[in-house]
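Enquirer: everything below, folded, please.
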Amino acid sequence: MSGEDAPAQQQNAVDQKQETKPAEEPKADPPKTESAPAGAAEAAATPAAATEKVPEEEAFTYRALVLTGYGGYDKVKLQVKKGKPALKAGEVLVRVKACGLNFADLMARQGLYDRLPSPPVTPGMECSGVVEAVGEEVTDRKVGDKVMVLNRFGLWQEVAVVPASHTFLIPEGMSFEEAAALPVNYVTAYMMLFDFGNLRPNQSVLIHAAAGGVGIAATQLCKTVKDVTVFGTASASKHETISEGGVTHPT
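Expert: Numbers count the residues shown, from 1 in each chain. From the prediction side, this is the model:
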């Protein structure tokens, strides 16, 4: 081996030793990325600015039961409506929690109730819920009020716009379900007894279908007048129940 070959062999040995030695972890340098175009960087920083914001009124949706035509239950369809209902002066927006089903609603579905507009239309004459918004000139209702509502139609949906004068504050301790069952039956019974019948003490009243909603309401309202005798018609199986409710003579 010549003297010139020795340094070369020593160098090869050093190189092989370095190859078997684990490589040291390189120091972490900030990753280098290609600079994005200015427009893309701004979009990444503010993603909301990259898309047009949809107005709340247009993004608002709610479900409604819609009578699509006269006939059976298949004519009542669940639909999703878009757009927040607009409020006029004197109106309130109510978030519906419970709604009532009345005999008039069943007649309307069959086309036998002429006070309901022609289909497609949302039925529903009574409901209960919470006031979510108030229109101009509304002074006796505020957002958050729990109310029961009486209207000709339009209450079988998640939100409803009605005149503030068609709402009544729910008494403390009354549930939404109880409140939704009050307006139609009790306003009807009240008008028949006091507005049309002019009920006075010591009189007698004949109540047909005394076991029904209006019949029960009329019986209870009769008890607010002194010494009123109540005759009530119902199936024999319901006589005991209506007697307990205040009917003097079940028939």
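Enquirer: what's next to stretch 129-138, contact-wise?
Expert: By Cβ atoms under 8 Å, 6 or more residues apart in numbering, the surrounding residues in contact with stretch 129-138 are 87-98, 141-147, 149, 159-160, 164, 167, 176. (C-beta placed from N, C-alpha, C; glycine too.)
Enquirer: endpoints of that stretch, how far apart?
Expert: Terminal residues of stretch 129-138 lie 17 Å apart, using Cα to Cα, to the nearest Å.
Enquirer: so which bits of it are buried?
Expert: Within stretch 129-138, the residues that count as buried by 16 or more other Cβ atoms under 10 Å are G129, V130, V131, A133, V134, G135, V138.
Enquirer: what's the answer for stretch 223-239, then?
Expert: V228, V230, G232, T233, A234, K238, H239.
Enquirer: and the residues you listed, which of them are in helices?
Expert: H239 (DSSP state H).
Enquirer: farthest-apart pair in the buried residues of stretch 223-239, please.
Expert: Farthest pair in the buried residues of stretch 223-239 (Cβ to Cβ) is V228 and K238. Separation: 20.5 Å.
Enquirer: can you give me the strands in the stretch 101-250 of the chain?
Expert: 126-134, 146-150, 159-163, 167-169, 204-207, 229-232, 249-250 (DSSP state E, counting those that start in this stretch).
Enquirer: Throw those strands into JSON lines and include mean pLDDT, thanks.
Expert: JSON lines is the format used below for the strands of the stretch 101-250 of the chain (pLDDT from 0 to 100):
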{"stretch": "strand 126-134", "mean pLDDT": "98"}
{"stretch": "strand 146-150", "mean pLDDT": "98"}
{"stretch": "strand 159-163", "mean pLDDT": "98"}
{"stretch": "strand 167-169", "mean pLDDT": "98"}
{"stretch": "strand 204-207", "mean pLDDT": "97"}
{"stretch": "strand 229-232", "mean pLDDT": "98"}
{"stretch": "strand 249-250", "mean pLDDT": "97"}
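Enquirer: distance to T219 added to these, as CSV?
Expert: Output for the strands of the stretch 101-250 of the chain, formatted as CSV (distance: least, Cβ to Cβ, whole Å):
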stretch, distance to T219
strand 126-134, 20
strand 146-150, 21
strand 159-163, 29
strand 167-169, 21
strand 204-207, 6
strand 229-232, 6
strand 249-250, 10
